[in-house]
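Peer 1: Quick check, what structure comes out for this input:
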Amino acid sequence: MNARPASAALSPSKEAARWFIDRFTASTAGHTGRTCRWVGVELEYPVVDEEGRACPPDALTAVFGELASDGWTSSTDELGRVIGARRAAETVDGQPRWHGITTDMGAATLEIQLAPEPTVHRAAAAVGELHRQLRPLLAARGLRMLGYGVQPVEPIATVPTTPKERYALVLRASAVDADGGRAARRISMSASSQVHVDVTGEDAARLLTLLNATAGLRIALMANSPHAEGLRGSGRARRELFWDESFPDRPERVGVVGPFPDLDAYARHIVGTTGFGVQRDGRFALLEPTGNGVGVLLDRGAAVAARDADGGLHHVELRPEDVCEQYGTSWFATRLNPFTGTVEDRVACQQPPEDQLVNAALVLGLAEAARSPRAYALLGRRLFPSWRALRAKACVEGFGASATVASEVRVLLDLAAEGLEERGHGEEVYLAALYDRLSARQSPADRIVALPSAERRRWILQNLAL
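Peer 2: So this is what the prediction gives:
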C-alpha cells in the first residue's frame, strides 16, 4: 500500500484510524457483486505420526512440492522459502478466488485457507475435496491430520515453528516461561477453526461486538484442546488461552474487546494498542517496547527504535498506514480484517472430523441475525466485563463456567438458526451437531476429559484423525 499524505485537519493518530477505516471500507466494496453473504474458513490441523508426535517440517515442505507438480503454485515467504501452495478456485459471481494450503506459526500445523464460498454447502464440498488431495500425500509419509485443537504429544520445547520473520518476532515479543523459553512457543502447538464472513461498514461493528461478547458461549460449545502432554496445566479450550499466556503485558491485544458502537471506535482501539511491529520493503521489524500506543508514537513524530529478525537495530518513522500492520498482531476473539473486508472469528478449536463446518455455519448465521431484537436481548443478559470474564472461564470449565451458560447457548443457537433459515439454503442443518452438544452439555473436549489420562492419546489418534 502506498503512503498518502496526512490530512492537515487530522493528527497522525486520527489519520491512522481513518486509514484503517478507508482500507476496510474499500475491501468491503469487493463484495458488492455477490448475491448473498459469503463465508470463508481457515482450518488448522496438527499433523502427527502414528504415535501422535509432531511431523518434521521437511515432510510438509515435500507435500507442498508434490502439490506444485499437480497444478498448484508454490507459496514462499519473504526470503523465498517454500511455505505452502495455492490454486485457483472456480470463479463465482465473476470474482476470481484462490485456495491455499500452508503452515501456520507451527511448522507441524497444516492450514487450509479456503476461498470464500456463497454457501456453507459449497464450503463443505471444497474442504472435503482438499482433504481428499492431502490425505494420501500425508499417509505416504506415515502422517495424519487431526480434527483437534492442539498438538497432543509434542513437548513445548521441541514443537517446530515456521521460519517466517513475523513469527520469529512474535516469539521474541512474548513473555518468558519458567524454563527460559518464549511463551509464544505454545502458539505453534495451536490449531483453530477460523471463519470469515462478508460485512459492510454499517454492520461490521454490530457483528464484531456480538461475536466478541459471545466468545465464551461458543468456546463452551466447541472446546477441543484439553489433552496436551507437552504442556502443564489443564482446561478444555487450552489453545485459546495461549495468547493471554504469551502476552500478559498486552491485554488490549488479546481476548474479548469492545463493545464498539461504530467502526470508528474499533479503529481507535487498534490505534491505541501498544506498538508492536512494522513492515518495510517486505521485511518485518519489532518495535522496541515503550509502553505507548501506536497513536501516541505517531503523534510524537519521532523515529522509533525497532529490531529486525536478525537483531539489527533500526530507527523507523511510523506512518498512518502502519496501523494496518497492527491488525495481524491483535489477537482478539473476533477482529476486522482490513485486507478482505470481513469479520474474522478466531475462538474455535479445530473441530472433530465429522463437524468441520459447524463453526462456519454458526458464525454465518449470527452474522445474518445480528440486527435481530433477539441479538440485542442476548447481549443485554450480561455487562461486557462479564462476557469478557466468561471467555477465560469457559476455556477451563466449558459449560460449567456459569449456571446460565446452557440457556445462553440455546439463545445463541436459535439466533444463528434464524439467520441461516432466512438465507434459504438449508445451511441450518450444520447446527444439528451443536444442538446435540447443548443437549448433552458436552463439548468435544468433555468427551476426552471424561477418559482416564492414560487413554486420551490413543482415543484422539483413533477418533480424531481425518
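
Peer 1: Which parts of the stretch 351-466 of the chain are helices?
Peer 2: 358-369, 373-379, 384-397, 405-423, 432-440, 444-449, 453-463 (DSSP state H, counting those that start in this stretch).

Peer 1: Compare the ones you listed and give me the one nearest P56.
Peer 2: helix 453-463 (17.9 Å; C-beta to C-beta). Where you see a C-beta, it was placed from the backbone N, CA and C, and this is true even at glycine.

Peer 1: Let me see the residues that make contact with that closest one.
Peer 2: If you take C-beta atoms under 8 Å, 6 or more residues apart in numbering as the criterion, helix 453-463 is touched by 48, 50, 52, 144, 146, 148, 152-153, 226-227, 229, 352, 448, 451.

Peer 1: for stretch 167-177, same thing?
Peer 2: Defining contact as C-beta under 8 Å, 6+ apart, one finds that stretch 167-177 is touched by 105, 156, 161, 182-185, 187-188, 245-249, 276-277, 284-286, 307, 309, 329.

Peer 1: Sort out for me which of the residues you listed are in strands.
Peer 2: Counting by DSSP state E, the contacts of stretch 167-177 place G277, F284, A285, L286, R307 in strands.

Peer 1: Among the residues you listed, find me the one that's closest to L413.
Peer 2: For the ones in strands among the contacts of stretch 167-177, the minimum distance to L413 (C-beta to C-beta) is 38.3 Å, reached by G277.

Peer 1: Surely that closest one touches E288?
Peer 2: No - applying C-beta atoms under 8 Å, one finds G277 not in contact with E288, separated by 10.8 Å.

Peer 1: more crowded one of those two?
Peer 2: Higher neighbour count among G277 and E288: G277, with 21 against 14, using other C-beta atoms under 10 Å.

Peer 1: Next up, the contacts around the nearest residue to that one once chain neighbours are set aside.
Peer 2: Distances taken as C-beta to C-beta, 6 or more residues apart in numbering place L286 nearest to G277, at 5.1 Å, with adjacent residues excluded. Going by C-beta under 8 Å, 6+ apart, L286 touches L169, R172, A173, F276, G277, A306, R307, D308.

Peer 1: Would you write a PyMOL line that selects the buried entries of the residues you listed?
Peer 2: This is the PyMOL syntax for the buried subset of those, where burial follows 16 or more other C-beta atoms under 10 Å:
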select buried, resi 169+173+276+277+306+307+308
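
Peer 1: quick one: least confident helix or strand in the protein?
Peer 2: Least confident helix or strand, the chain: helix 323-327 with a mean of 85, by mean pLDDT, DSSP states H and E.

Peer 1: Does anything pack onto that one? Which helices or strands?
Peer 2: Applying 3 or more C-beta pairs under 8 Å, 6 or more residues apart in numbering; DSSP states H and E, one finds that helix 323-327 makes contact with helix 12-28, helix 263-272, strand 277-280, strand 334-337.

Peer 1: so what does the next helix or strand along the chain from that helix touch, helix or strand wise?
Peer 2: Using DSSP states H and E, the next helix or strand after helix 323-327 towards the C-terminus is strand 331-332. If you count contacts as 3+ C-beta pairs under 8 Å, 6+ apart, strand 331-332 packs onto strand 254-255.

Peer 1: How far away from the center of its chain is the secondary structure element (helix or strand) that A168 belongs to?
Peer 2: Using DSSP H and E, A168 maps to helix 165-173. Distance, stretch centre to chain centre, for helix 165-173: 17 Å (C-alpha atoms, centre = their mean, to the nearest Å).

Peer 1: and if you look at stretch 173-190?
Peer 2: Offset of stretch 173-190 from its chain centre (C-alpha atoms, centre = their mean): 18 Å.

Peer 1: tell me how far the ends of that stretch are from each other?
Peer 2: By C-alpha to C-alpha, to the nearest Å, the extent of stretch 173-190 from end to end equals 18 Å.

Peer 1: Then stretch 249-256?
Peer 2: This stretch, stretch 249-256, spans 15 Å end to end (C-alpha to C-alpha).

Peer 1: what residues does stretch 427-444 touch?
Peer 2: For stretch 427-444, contacts defined as C-beta under 8 Å, 6+ apart pick out 119-121, 124, 220-224, 236, 349, 351-352, 354-355, 357-358, 360-362, 364-365, 398-399, 406, 409-410, 413, 416-417, 420-421.

Peer 1: how does it look with 7 Å?
Peer 2: With C-beta atoms under 7 Å, 6 or more residues apart in numbering as the test, stretch 427-444 has contacts from 119-121, 220-224, 236, 351-352, 355, 357-358, 361-362, 398-399, 406, 409-410, 413, 416-417, 420-421.

Peer 1: re the thing from before, using ChimeraX, define a selection of the buried residues within the contacts of helix 453-463.
Peer 2: In ChimeraX, this line selects whichever of the contacts of helix 453-463 come out buried by 16+ other C-beta under 10 Å:
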select :48,52,144,146,148,152,153,226,227,352,448
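
Peer 1: circling back to that earlier point, quick check: bridge partners of the residue nearest to G277?
Peer 2: Per DSSP bridges, the residues bridged to L286 are G277, R307.

Peer 1: before we move on, the earlier item: which two of the contacts of L286 have the greatest separation?
Peer 2: Across the contacts of L286 (C-beta to C-beta), the longest gap, 14.1 Å, separates F276 and D308.

Peer 1: Quick check: mean pLDDT of stretch 398-405?
Peer 2: Across stretch 398-405, pLDDT averages out at 97.

Peer 1: can you pull the buried residues of that stretch?
Peer 2: Applying a neighbour-count criterion of 16+ other C-beta under 10 Å, one finds G398, F399, A401, S402, V405 buried in stretch 398-405.

Peer 1: Reformat these as CSV; add distance to L438.
Peer 2: Converted to CSV, the buried residues of stretch 398-405 look like this (distance: C-beta to C-beta, whole Å):
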residue, distance to L438
G398, 12
F399, 8
A401, 14
S402, 14
V405, 10
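
Peer 1: List just the nearest of those to R300.
Peer 2: Using C-beta to C-beta, the buried residues of stretch 398-405 come closest to R300 at A401, 42.2 Å.

Peer 1: returning to that earlier point: PyMOL command for the buried members of the contacts of stretch 427-444?
Peer 2: Typed into PyMOL, the line below selects the buried ones among these, using 16+ other C-beta under 10 Å:
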select buried, resi 119+120+121+220+221+222+223+224+236+351+352+355+357+358+361+362+398+399+409+413+416+417+420
